[in-house]
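Engineer: Next come a sequence and a model predicted from it.
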Amino acid sequence: MIRKYREEDLEAVLELWYEASLVAHWFLTAEFLQAERIKLRNVFLPQSETWVYELDGAVAGFLSLVENEVGGLFIRPSAQRQGIGKALMDKATCLHPVLVLDVFEKNGVGRPFYAKYGFTQVSKQRDATTGEMMLRLRYNSQT
């Protein structure tokens, strides 16, 4: 079931984000992930429109939007490949037919998912904070 994020989801979302980040962002330092977790709690979640996917009464995934930009899509590793990411992305495309997002080039989990969904690369640049290459992707449901 997809529903709007609620404040009581915070700890579950933070833990899910961390678990998924360890898998998808294996190349990032523990210090960077800790700083991002704090930003997620204090900045990103309060400023975004977030949707959660509930499975058996627990948060199994979430997607955050800032207008038509996907700020994050994270699925609990044990719940991946069950259609949760697609369902959340389908929700986002219903709200915004054109979506954009950034993904690390080394993210071997997210990149194949986004390609399969239909996102295309529009640019590539080095992330100033991590030094890693970031890909800017775009999806248009109207094409």
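Structural biologist: Okay, I see it.
Engineer: quick one, phi/psi of the residue nearest the centre of the chain?
Structural biologist: Geometric centre of the chain, nearest residue: residue 73, 1.8 Å, by Cα atoms, centre = their mean. Taking degrees, to the nearest 10, you get phi -130, psi 120 for the backbone angles of residue 73.
Engineer: same check, this time on residue 14
Structural biologist: Torsion angles, degrees, to the nearest 10, at residue 14: phi -60, psi -40.
Engineer: how close does the residue nearest to the centre of the chain get to residue 129?
Structural biologist: In this view, residue 73 and residue 129 are 20 Å apart by Cβ to Cβ, to the nearest Å. For every residue, glycine as well, the C-beta is placed using N, CA and C.
Engineer: ok, now residue 28?
Structural biologist: Distance of residue 28 to residue 129, computed by Cβ to Cβ: 10 Å.
Engineer: Which one of these two is surrounded by more residues?
Structural biologist: residue 28 (18 against 10; other Cβ atoms under 10 Å).
Engineer: List every C-alpha atom in stretch 77-89, with coordinates, as CSV.
Structural biologist: The C-alpha atoms that make up stretch 77-89 are tabulated as CSV, following Å, rounded to 0.1, in the frame of the first residue of the first chain:
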residue,chain,number,x,y,z
PRO,A,77,17.1,-4.6,0.5
SER,A,78,15.1,-7.6,1.6
ALA,A,79,12.1,-6.2,-0.2
GLN,A,80,13.8,-5.3,-3.5
ARG,A,81,12.7,-6.9,-6.8
GLN,A,82,9.1,-7.2,-5.6
GLY,A,83,7.7,-4.3,-7.6
ILE,A,84,7.8,-1.7,-4.8
GLY,A,85,10.2,0.7,-6.6
LYS,A,86,8.1,0.5,-9.7
ALA,A,87,4.9,1.2,-7.8
LEU,A,88,6.4,4.2,-6.1
MET,A,89,7.8,5.5,-9.4
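Engineer: Can you give the contact residues for that stretch?
Structural biologist: Outside of stretch 77-89, the residues within contact range by Cβ atoms under 8 Å, 6 or more residues apart in numbering are 2, 19-20, 23, 51, 53, 55, 60-63, 70, 73, 75, 99, 109, 113, 117.
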